[in-house]
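1. My questions are about this predicted structure, shown below with the sequence.
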Amino acid sequence: MIPERHVAGFREIGEFEPDEAKRMLEFVAETAREAGLEDYRVVVNVGEGAGQTIFHLHWHVLGGRAAGLP
């Protein structure tokens, strides 16, 4: 999921007003719920060393359990 307003990544989350950031996180939760996901992870890669390749803040919503993760 990608916010409409561009920021390069999670490090710049402070550029959003608190209400705007809250709405984004609520949207992530609502979208997962609408997709029928009961158990899921929300992942944000921050920086190249963490695997970030798209420099526009976005969230990955991953359903179920990943192999090898508790």
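-> Sure thing, it's come through.
2. so what's the one residue sitting closest to the centre of the chain up against?
-> In the chain, the residue lying closest to the centroid (CA atoms, centre = their mean) is Trp59, at 2.1 Å. Neighbouring residues of Trp59 by CB atoms under 8 Å, 6 or more residues apart in numbering: 1, 28, 42-44. Every residue, glycine included, has its C-beta placed from N, CA and C.
3. leaving aside the residues next to it on the chain, what's closest to Gly47?
-> Nearest non-adjacent residue to Gly47, counting by CB to CB, 6 or more residues apart in numbering: Gly9, 7.1 Å away.
4. Show the pLDDT at that neighbour.
-> What the model reports as pLDDT for Gly9 is 93.
5. any idea how far it lies from Pro3?
-> Remark: distance between Gly9 and Pro3 (CB to CB, to the nearest Å) = 11 Å.
6. Tabulate the contacts of Trp59 in a markdown table, adding columns for pLDDT, neighbour count and secondary structure.
-> Shown next, in a markdown table, are the contacts of Trp59 (pLDDT from 0 to 100; neighbours: other CB atoms under 10 Å; DSSP: H, G, I helix; E, B strand; the rest coil):
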| residue | pLDDT | neighbour count | secondary structure |
| --- | --- | --- | --- |
| Met1 | 73 | 13 | coil |
| Val28 | 93 | 16 | helix |
| Val42 | 93 | 13 | strand |
| Val43 | 92 | 13 | strand |
| Val44 | 93 | 13 | coil |
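7. List just the nearest of these to Ala21.
-> The closest of those to Ala21 turns out to be Val28 (CB to CB; 11.0 Å).
8. Test my guess that the closest one contacts Arg41.
-> No - Val28 is beyond contact range of Arg41, at 11.0 Å (criterion: CB atoms under 8 Å).
9. Give me the common contacts of those two.
-> Common contacts of Val28 and Arg41 (CB under 8 Å, 6+ apart): Val61.
10. Show me where this protein has its strands.
-> 40-43, 60-63 (DSSP state E).
11. would you turn these into JSON lines with distance to Ile54?
-> Listed next are these as JSON lines, based on distance: least, CB to CB, whole Å:
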{"stretch": "strand 40-43", "distance to Ile54": "13"}
{"stretch": "strand 60-63", "distance to Ile54": "11"}
